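Trainee: With the sequence up front, the predicted model follows.
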Amino acid sequence: MINHITKEFDYGNDIASALEDKIKEPYNLEQHKPTVQTSDANDMATRTAQNQQYEMEFQANYELFRKRSTTYKNNIVRAHAFLWEQCSKGMKNKIKLMTAFQDVIRGNPVELLDAIKYNC
């Protein structure tokens, strides 16, 4: 199931990493957040040109970062739905009877995967 998520979801490796590593908190997307560079060239014309280039690169990278963040949030919902669909009716009933279902498992694919493993 994790392979399917990795293969079929946009940026599926982010959510798959969270599932494989059993990361209880959300995947740290901040590690992919771009930073602004500034030129340290001595020549003013070169410095201005480099700063413009860095600004354009930052804007493009930041837009990709925002898309990746949004996609990750959407993939959490999609991964939970995908895992839930794979469960049999009996498995779903067992999971629903768990005391943590409403508070922890619902909407959390990592906890759902743990519950599936626990009930197998």
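Mentor: Sure, I can see it.
Trainee: Just the buried positions in the helix or strand where Leu19 lies, please.
Mentor: Element membership for Leu19 (DSSP states H and E) is helix 12-21. Neighbour counts over helix 12-21 (16 or more other CB atoms under 10 Å) mark Gly12, Asp14, Ile15, Ala16, Ala18, Leu19 as buried. C-beta: built from backbone N, CA, C; applies to glycine.
Trainee: What is the helix or strand following that helix packed up against?
Mentor: Using DSSP H and E, the helix or strand that follows helix 12-21 in sequence is helix 44-86. Packing partners of helix 44-86 (3 or more CB pairs under 8 Å, 6 or more residues apart in numbering; DSSP states H and E): helix 2-8, helix 12-21, helix 109-119.
Trainee: Is it possible to get CSV of those helices that adds mean pLDDT and distance to Asn51?
Mentor: Putting the helices and strands packed on helix 44-86 into CSV (pLDDT from 0 to 100; distance: least, CB to CB, whole Å) gives the following:
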stretch, mean pLDDT, distance to Asn51
helix 2-8, 90, 38
helix 12-21, 84, 31
helix 109-119, 86, 42
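Trainee: Name all residues that make contact with Trp84.
Mentor: Lys92, Leu112 (CB atoms under 8 Å, 6 or more residues apart in numbering).
Trainee: quick one: it and Thr48, what's the gap?
Mentor: 54 Å (CB to CB, to the nearest Å).
Trainee: Need the distance between the two termini of stretch 103-117.
Mentor: End-to-end distance for stretch 103-117, by CA to CA, to the nearest Å: 18 Å.
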